[in-house]
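Novice: Need a 3D model of the sequence below.
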Amino acid sequence: MLAMPAVNYIKHLRENEDLSINEIARKTGHNWRTVKKYADGDLSEQEVVKKKRGIMYEKGYGEIVDCWLEEDMKLNRKDRRTNLAIFEQLKEEYEFEGSYRTV
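Specialist: Okay, the predicted model is just below:
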């Protein structure tokens, strides 16, 4: 994977100076396959989204806790729920089967 300045330079050589793939490869010192990939390919920045996993998100508890934390952000710092309070509330209201450490 090349750094963005190198990719932009390769695209510039291909689009603005109309150089061939082999000429760009010689000029930049990169393999012609790499140059072709970046010169002719449409490279938009892709955002990598990691899927959350574990008991908190597989059974829906994660969304509940996220909602609680958003509500708590509006409160004063001293009035917010602690980790233990969140764990106890999950056990009481939703019969949470995980451990305190999971929360």
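Novice: Would you mind identifying the helix or strand in this protein with the lowest mean pLDDT?
Specialist: helix 55-58 (a mean of 82; mean pLDDT, DSSP states H and E).
Novice: List of residues touching that one?
Specialist: 61, 62, 63, 65, 97, 98, 102, 103 (CB atoms under 8 Å, 6 or more residues apart in numbering). To be clear about C-beta, it is placed using only N, CA and C from the backbone, and glycine gets the same treatment.
Novice: Could you report the distance from the residue lying farthest from the centre of the chain to residue 49?
Specialist: Going by CA atoms, centre = their mean, the residue of the chain most distant from its centre is residue 23, 35.9 Å out. Residue 23 is 38 Å from residue 49, where distance means CB to CB, to the nearest Å.
Novice: In the helix or strand hosting residue 34, which residues are buried?
Specialist: Element membership of residue 34 [criterion: DSSP states H and E] is helix 32-40. Residues of helix 32-40 classed as buried: 34, 35, 36, 37, 38, 39 (neighbour count, 16 or more other CB atoms under 10 Å).
Novice: low-scoring pLDDT stretches of the chain, where are they?
Specialist: Scanning the chain with the threshold set as pLDDT under 70 gives 42-47.
Novice: ok, which stretches of it are strands?
Specialist: Counting by DSSP state E, the chain has no strands at all.
Novice: quick one, helices of it?
Specialist: For the chain, the helices defined by DSSP state H cover 4-15, 21-28, 32-40, 55-58, 61-73, 83-94.
Novice: Now do the fifth one against helix 83-94, angle only.
Specialist: In this case it means helix 61-73. Inter-element angle recorded for helix 61-73 and helix 83-94: 120 degrees (by axes from the mean of the first three to the mean of the last three CA atoms, to 10 degrees).
Novice: contacts for helix 61-73?
Specialist: Helix 61-73 is contacted from outside by 52, 54-57, 79-81, 86, 89-90, 94, 96, 98, 103, using CB under 8 Å, 6+ apart.
Novice: quick one: which of those residues is nearest residue 5?
Specialist: Closest approach to residue 5 among the contacts of helix 61-73 (CB to CB): residue 52, at 33.8 Å.
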